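Q: the following comprises the amino acid sequence and a computationally predicted model.
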Amino acid sequence: MPGWSNRAGRVALGGLFLAALAFVPGCGGGASAWLAGEAGGGMAGMSGDVPPPLAARAMWRADNGRAQSQSFLVARNDAEWLALWDLAGRSAPGGLPGDQMALGVFLGTRTTTGYSVDIIRLRPERRTGQRDRLVVEYREISPPDGMMTAQILTSPYAIILVDRSEAIVRYNRMP
């Protein structure tokens, strides 16, 4: 597709595809299940026995953010949303929808190209006597050994827009 050859365009198109899956009959639970690592939808919020729907509404990834050190952000209001995009080094793509929140993983400075970050899945974590948590599992992708890379500073990040939850958010790096 002309105009969609850059990485940001592919990521935006992928996010739109995931969001569209929620509206296709028979596919809505699949998008939730894939991203959330769960069997299917449920009621919004973290309370109760049914896990919340955590289908991604959008996802952005790039290797040129402003974060100099590793950072993890949760945006539940407009000020946090703008701060998240400031750290990404670009303008926010509109306002934060009131029924959603954004989760950001920023790797910090890397000295070569070839690094990226993937948000693998989101899962609720419930423990008796404690507040519910939302665990964000992510993976840092390093350039393969022997791959030719440019010696420039990069700062990879991934931002995902999901259904709003008031749960504590915890980030977990996966091998």
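A: Received it, and whenever you're ready, just let me know what you need.
Q: pLDDT weak spots in the protein?
A: Scanning the chain for pLDDT under 70 picks out 1-56.
Q: any chance you could map the helices in it?
A: 7-21, 28-36, 78-88 (DSSP state H).
Q: and the last one, which residues are buried?
A: Counting neighbours by 16 or more other CB atoms under 10 Å, one finds that the buried residues in helix 78-88 are 80-81, 84-85, 87-88. C-beta: built from backbone N, CA, C; applies to glycine.
Q: contacts only, for residue 93.
A: Neighbouring residues of residue 93 by CB atoms under 8 Å, 6 or more residues apart in numbering: 58, 60, 85.
Q: for the first one, the count of nearby residues, please.
A: Translated: residue 58. 20 (other CB atoms under 10 Å).
Q: any idea how far it is from residue 100?
A: 9 Å (CB to CB, to the nearest Å).
Q: find residues that contact each of these two.
A: Common neighbours of residue 58 and residue 100 (CB under 8 Å, 6+ apart) are residue 161.
Q: save the buried residues of helix 78-88 as CSV, and put in distance to residue 150 too.
A: Output for the buried residues of helix 78-88, formatted as CSV (distance: CB to CB, whole Å):
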residue, distance to residue 150
80, 33
81, 32
84, 27
85, 25
87, 23
88, 21
